[in-house]
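Enquirer: Pasting the sequence and the predicted model now:
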Number of protein chains: 2
Amino acid sequence: MEYQSTVTDHSGEGTVASVLADMRQTARRVRCSLPTGTSMLCGNARHREDRAADSEVIVGGAPSRDIWFIRSGILRLQCHAYDGRRQILSLFLPGEVVGFEGEFREGVSVETVTQSGLCRIDRRAFDAILNGNDELRAELFRQKQDQLDRLHWLTWSLGALSPDERFAAFLAMSTRFMPCDPLPDGTTILSMQLPRADIADLLGTTVETICRINRKLSESGVIEIKDPSHFRILDLKQLMALGQIEGGLDRMVRGIVERRSRLDDLMGPASGSAVCNCGS
Amino acid sequence: MEYQSTVTDHSGEGTVASVLADMRQTARRVRCSLPTGTSMLCGNARHREDRAADSEVIVGGAPSRDIWFIRSGILRLQCHAYDGRRQILSLFLPGEVVGFEGEFREGVSVETVTQSGLCRIDRRAFDAILNGNDELRAELFRQKQDQLDRLHWLTWSLGALSPDERFAAFLAMSTRFMPCDPLPDGTTILSMQLPRADIADLLGTTVETICRINRKLSESGVIEIKDPSHFRILDLKQLMALGQIEGGLDRMVRGIVERRSRLDDLMGPASGSAVCNCGS
DNA sequence: CGAAGTATTGACGGGCGTCAATATCAGTGG
DNA sequence: CCACTGATATTGACGCCCGTCAATACTTCG
């Protein structure tokens, strides 16, 4: 739970006026097609924090003045019961804003899954910016919608699908928001960023079951296991069919791809964001 | 899917100006403590629709100009796979506004569970009202938060709890948003508004399992089954313990109770809303 | 090299989904 | 009033998936 924090400068710069000035400056300086507000959010080094894996970002039930912008890495929204059972409710990805929607409930928290680059924003300053920036507000609205859609999928799959189906769907979707390398033969190497325990707690099952499903998939030729965190996707169609993804992958991961590419456009692919090079 | 609709008057009254006039009129006429916008929404008979059970209200994937205010009854948000599997993602209750948040995704739909009294509102008119009414906007924000919290609970319970535990928790929570009659001895008679199939599809299990759990609970003396839709709650504490509700019921059903009482204050308990007389 | 963390594989058993039969009730028409 | 029909709820029997426990590989630290 200890986190290595590299805040460069934090001396009372979070005021509305200064951040608005940032926005105007950054909007002039950066040439990119995304809402100026977003570029402001990650356009300078102030308020940045580099977090190790499994570091606590938001703890539910306690009022917080902070809003977070994810520059790189993956975060998880999770529930804990007192007896230790955990359920991951959602993943947050680069380009997304977390903590805007009032408080999280007690027992709910947000932690990093991987090492992550975050940007801390003062809530009042953010609200002020939001008031004057329709584009940013629209982007935030889209993000909330996307996150809600993902939560709907998870709820649906937990209630209606079997662990095999859920994992197959998760693998298929992962090719859109996790690092992967396309091979000349059309297959791709997926670099799984989540450890087994997180996959299991996200999909409502156990690490053993995940391993067994993994093996079954590789035996049936759908994937090939290079090493515990690298899968070669041999038959994406099959994977989607197993995962009951009828409407196409793009509908399932709406918003993620665009945000990722805009982010890379802004910060460069070397920034550590979860790059995915898979074709459509 | 046929619905009996009793729209009293629908002759082009959904304009911004007329609805705003309604709001001002209603705000003057009705004495109540809830946001004036909400009283406007149900304060007159226009745009009202009385729906039978299992009637389609919103079908996802298609843009709609309609927003719905629930005066009475229970609605369900659900997912359908092409093979027929269904998962109920959430219930909507009297006093809540549905359909405001952009579009629902394809495959997702909203239907009535019970006979319901709805009020149809034009989206643009609603937006216009929202712009000028901070109280209504705040109420809507609270509602979205409450609905998200409920979805979080469902996801959490589907992933981390067993069917027994989920059903116990659901029963306990039902005492706060479904009709129940308190008895002199401290127990209450809960009138279950959902048929078994809906309970099963909400809790991610089957009707048979629901029945078996029901019987187990009655054999262990936690509840008493009066008839298929009436349970006598003998030991609410035990029910909450089984359902892993540590933080108290009120946190789980936040917002529902207040909205219900305000609604009854406005429309009278005879309006058909799901009244719950249980003490706190 | 030892230790700790993570992933994998095997063995076992119960929970729960599936199928089928029956009970109960509401509505309809004779 | 009863027979018939359809919908819903309940109960039983069966079997397998998957959670639990345990042992073992594999990697990464010190």
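Expert: Received it, and whenever you're ready, just let me know what you need.
Enquirer: CA atoms for contacts and neighbours, from now on please.
Expert: Noted.
Enquirer: Tell me the residues on chain A that lie near DNA strand D, please.
Expert: A:162-164, A:204-206, A:208-209 (CA under 7 Å from any atom of the strand).
Enquirer: So which residues of chain A form helices?
Expert: A:16-29, A:36-42, A:123-132, A:134-160, A:163-177, A:196-202, A:207-219, A:236-242, A:249-252, A:256-267 (DSSP state H).
Enquirer: give me the low-pLDDT residue ranges for the stretch 151-280 of chain A?
Expert: A:261, A:263-280 (pLDDT under 70).
Enquirer: Contact residues of it facing DNA strand C?
Expert: Contact residues, the stretch 151-280 of chain A versus DNA strand C (CA under 7 Å from any atom of the strand): A:194-197, A:207-212, A:215, A:227-229.
Enquirer: follow-up on the earlier one: could you dump the helices of chain A into a markdown table with distance to B:Arg142 added?
Expert: Converted to a markdown table, the helices of chain A look like this (distance: least, CA to CA, whole Å):
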| stretch | distance to B:Arg142 |
| --- | --- |
| helix A:16-29 | 25 |
| helix A:36-42 | 26 |
| helix A:123-132 | 17 |
| helix A:134-160 | 15 |
| helix A:163-177 | 31 |
| helix A:196-202 | 27 |
| helix A:207-219 | 37 |
| helix A:236-242 | 37 |
| helix A:249-252 | 27 |
| helix A:256-267 | 27 |
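Enquirer: Contacts only, for the closest residue to DNA strand D within the stretch 51-200 of chain A.
Expert: Per CA to the nearest atom of the strand, A:Ser162 is where the stretch 51-200 of chain A lies closest to DNA strand D, at 4.3 Å. By CA atoms under 8 Å, 6 or more residues apart in numbering or on different chains, the contact set of A:Ser162 is empty.
Enquirer: swap in the one 4 residues further on?
Expert: Listed by CA under 8 Å, 6+ apart, the contact partners of A:Arg166 are A:157-158, A:203, A:243.
Enquirer: go with 7 Å
Expert: Neighbour list for A:Arg166: A:157, A:203, A:243 [criterion: CA atoms under 7 Å, 6 or more residues apart in numbering or on different chains].
Enquirer: can you tell me how far the nearest residue to A:Pro195 once chain neighbours are set aside sits from chain B?
Expert: Closest residue to A:Pro195 in three dimensions, ignoring its sequence neighbours and counting by CA to CA, 6 or more residues apart in numbering or on different chains: A:Ser229, at 7.8 Å. Note on A:Ser229: its distance to chain B, by CA to the nearest CA, to the nearest Å, is 23 Å.
Enquirer: how close does A:Ser229 sit to A:Ser191?
Expert: From A:Ser229 across to A:Ser191, the span is 6 Å (CA to CA, to the nearest Å).
Enquirer: who's in contact with the closest residue to A:Thr206 other than its chain neighbours?
Expert: The shortest distance from A:Thr206 to any non-neighbouring residue, by CA to CA, 6+ apart, is to A:Ala200 (4.9 Å). Each residue near A:Ala200 by CA under 7 Å, 6+ apart is listed here: A:206-207, A:210.
Enquirer: would you list these in a markdown table and tack on distance to A:Arg85 and neighbour count?
Expert: Below are the contacts of A:Ala200 laid out as a markdown table (distance: CA to CA, whole Å; neighbours: other CA atoms under 10 Å in any protein chain shown):
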| residue | distance to A:Arg85 | neighbour count |
| --- | --- | --- |
| A:Thr206 | 11 | 16 |
| A:Val207 | 13 | 16 |
| A:Ile210 | 17 | 19 |
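Enquirer: Need those in a markdown table (columns: distance to A:Ser174).
Expert: Formatted as a markdown table, the contacts of A:Ala200 follow (distance: CA to CA, whole Å):
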| residue | distance to A:Ser174 |
| --- | --- |
| A:Thr206 | 19 |
| A:Val207 | 18 |
| A:Ile210 | 15 |
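Enquirer: Looking at those residues, spot the one nearest DNA strand D.
Expert: A:Thr206 (4.5 Å).
Enquirer: Near chain B, which residues of the stretch 151-280 of chain A? Just list them.
Expert: A:152, A:155-156, A:158-160, A:203-204 (CA under 7 Å from any CA of the partner chain).
Enquirer: quick one: which of those is most hemmed in?
Expert: A:Thr155 (30 neighbours; other CA atoms under 10 Å in any protein chain shown).
Enquirer: Distance of it relative to DNA strand C?
Expert: 14 Å (CA to the nearest atom of the strand, to the nearest Å).
Enquirer: mind checking how far the spatially closest residue to that residue that is not a sequence neighbour is from B:Arg176?
Expert: Leaving aside its chain neighbours, A:Thr155 sits nearest to B:Thr155 (5.0 Å; criterion: CA to CA, 6+ apart). According to CA to CA, B:Thr155 stands 20 Å off from B:Arg176.
Enquirer: go on, A:Ser90?
Expert: 28 Å.
Enquirer: quick one: which of these two has more around it?
Expert: Higher neighbour count among A:Ser90 and B:Arg176: B:Arg176, with 25 against 20, using other CA under 10 Å.
Enquirer: Endpoints of stretch A:192-207, how far apart?
Expert: Per CA to CA, the first residue of stretch A:192-207 is 14 Å away from its last.
Enquirer: how far out from the middle of the chain is that stretch?
Expert: 15 Å (CA atoms, centre = their mean, to the nearest Å).
Enquirer: Likewise for stretch A:203-211?
Expert: Computed by CA atoms, centre = their mean, the chain-centroid distance of stretch A:203-211 equals 21 Å.
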